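> could you work out the structure for the sequence below:
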Amino acid sequence: MNLIDKAIGANPWKIGNDLVPDAKMPLLMGIVNVTPDSFFDGGKHATPDAAFEHAVNLLEQGADILDIGGESSRPGSTPVSEQEELDRVCPVVEALAQLSSISSDIANPGHRHFYISVDTTKAKVATEAMRLGAHIVNDISACTMDARMAGIIASTGASVVLNHMRGSFGNMQNDFTPYSDVVAEVSEELLAQAKKLETAGVDPQKICIDPGIGFGKSVRDNLALMHSIEEFSTIGYPVLVGTSRKSYIGKIPGLENSDRLIPTVTAGIIAALQGASCLRVHDIIEAKESILYLEALKSYGTV
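Model prediction:
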C-alpha cells in the first residue's frame with residue numbers, strides 16, 4: 001500500500017456515551033505508570049501524588065485519554081498483588097475523575113473533557129476503577145488472565161482495549177511461541193477474544209483491539225505488525241497502537257543508541273495513515289504536533 005496515496009480513516013470507538021474520534025485523526029492516550037519499575041520513567045511517578053501531577057501535565061499537553069497502570073509488564077517484572085495494584089491505581093483514578101467533564105458536572109470551569117483508562121489484567125481493579133470514574137479497561141492479556149474480566153466489562157459498561165500478548169507475564173520476550181504468520185495469527189486471536197466479549201454482552205462499538213507491539217514478538221514480528229495496521233482496521237474494530245519507546249526499536253540496525261523518540265513519532269504517523277484510532281504514547285507534545293501536521297496535510301489533500 002502507498003500510504004501517501006491512500007490514508008485510511010479511523011474506526012470510531014464508543015467511550016461512555018461518546019463515539020470518538022469524530023475526526024479522522026487518532027486519539028492520544030498518555031501513559032501514567034504508578035509503578036517503581038517502569039521501563040521508561042524508572043518509577044519517577046510511583047506515588048499517587050506524583051502520578052496525578054504527571055497525568056495533569058499530559059492533559060495540558062493534549063492527551064485525550066490517560067492510561068493509569070499499577071503493574072509493570074516490562075521484561076523481568078514481578079507481578080503485584082491485587083491490593084497493591086488497587087492502592088496504586090485507585091487514588092489516581094479518583095482524583096482524575098473529579099477533573100473529567102465525562103463523569104462530573106460539566107458546568108464546573110475546572111473540569112475537562114478527557115477519558116480515564118485503567119491498565120490492568122485484574123477484574124477487581126477494573127471494577128473499582130470503573131466505580132471511581134474510569135471509562136476504559138486496557139487489558140494487556142485481552143481478558144484471558146482473569147476469567148471474570150469479560151463479565152465485569154459487560155456489567156459496568158466499560159470500553160475495553162484488547163491487547164494481544166503471547167508468553168508469560170514479565171517474561172513474554174523469552175518464552176513466546178513463534179509465529180508462522182504474525183499478522184494473520186494476531187488478527188485471528190484478537191477477533192476471537194472480541195467475539196467472546198460480545199457474547200458476554202459487551203457493546204461491539206466499545207471494543208478496541210491492539211496488536212500488542214512488543215508483547216511476545218520478535219523485532220521482525222513487530223515491524224510486520226506496524227506494516228499491517230490497515231489490516232487490523234479492516235476487521236471492523238477501532239485499533240490502538242502502542243509502540244512508544246519500546247525496546248525493539250533499539251534492536252533495529254542503526255538505532256541501537258537511539259532514545260527511541262523520533263522512531264516512536266514516525267511509527268505514530270505510519271499508524272495514523274493506516275487508520276489507527278488511538279496512539280498510546282509517553283510523549284504527548286511530540287505526538288500531538290506530528291498528528292496536527294498530518295491533519296493539516298490531509299486537509300489540503302496532500303495525504
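> quick one: the strands in the stretch 151-300 of the chain?
Here the stretch 151-300 of the chain has its strands, by DSSP state E, counting those that start in this stretch, at 159-163, 207-210, 240-241, 278-281.
> need those strands in TSV with distance to Gln83, mean neighbour count and mean pLDDT, can you?
Bear in mind the C-beta positions are built from the backbone N, C-alpha and C, glycine included. Below are the strands of the stretch 151-300 of the chain laid out as TSV (distance: least, CB to CB, whole Å; neighbours: other CB atoms under 10 Å; pLDDT from 0 to 100):
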stretch	distance to Gln83	mean neighbour count	mean pLDDT
strand 159-163	23	27	98
strand 207-210	27	26	98
strand 240-241	28	28	98
strand 278-281	26	28	98
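> need the ones you listed in JSON lines (columns: distance to Ser72).
Putting the strands of the stretch 151-300 of the chain into JSON lines (distance: least, CB to CB, whole Å) gives the following:
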{"stretch": "strand 159-163", "distance to Ser72": "14"}
{"stretch": "strand 207-210", "distance to Ser72": "17"}
{"stretch": "strand 240-241", "distance to Ser72": "19"}
{"stretch": "strand 278-281", "distance to Ser72": "15"}
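> for Ile270, find the nearest of those.
Nearest to Ile270 among these is strand 240-241 (8.9 Å), distances taken as CB to CB.
> partners of the closest one in the sheet?
Sheet pairing of strand 240-241 (DSSP bridges) gives strand 278-281 (parallel).
> under the pLDDT cut-off, which ranges of the protein? List them.
Within the chain, the stretches with pLDDT under 70 are 1-7, 22-23, 37-44, 75-77, 101-111.
> please repeat the previous calculation with a cut-off of 90.
Low-confidence segments of the chain (pLDDT under 90): 1-10, 21-25, 35-46, 72-79, 100-113, 167-177, 298-303.
> show me what the longest strand belonging to it is packed against.
Ordering each strand of the chain by length in residues (DSSP state E) puts strand 27-33 first. Contact partners of strand 27-33 among helices and strands, from 3 or more CB pairs under 8 Å, 6 or more residues apart in numbering; DSSP states H and E: helix 48-61, strand 65-69, strand 278-281, helix 284-299.
> one step back: so which of the strands of the stretch 151-300 of the chain gets nearest Val186?
strand 207-210 (9.1 Å).
> ok so, going back, quick one: the longest strand of the chain to chain centroid distance?
Its chain's C-alpha centre and that of strand 27-33 lie 7 Å apart, by CA atoms, centre = their mean, to the nearest Å.
> each with direction, which strands does it pair with?
In the sheet, strand 27-33 lines up with strand 65-69 (parallel), strand 278-281 (parallel) (DSSP bridges).
> how far off strand 159-163 does that strand point, in degrees?
Between strand 27-33 and strand 159-163, the angle comes out at 70 degrees (axes from the mean of the first three to the mean of the last three CA atoms, to 10 degrees).
> with just CA atoms, put strand 27-33 into PDB.
Output in PDB follows, covering the C-alpha atoms of strand 27-33 (Å, rounded to 0.1, in the frame of the first residue of the first chain):
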ATOM      1  CA  LEU A  27      -6.900   9.900  19.900                       C
ATOM      2  CA  LEU A  28      -3.800  10.300  22.100                       C
ATOM      3  CA  MET A  29      -3.500   8.100  25.200                       C
ATOM      4  CA  GLY A  30      -1.000   9.300  27.700                       C
ATOM      5  CA  ILE A  31       0.800   6.700  29.800                       C
ATOM      6  CA  VAL A  32       0.800   7.100  33.500                       C
ATOM      7  CA  ASN A  33       2.800   4.400  35.300                       C
END
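> I am finished for the moment; much appreciated.
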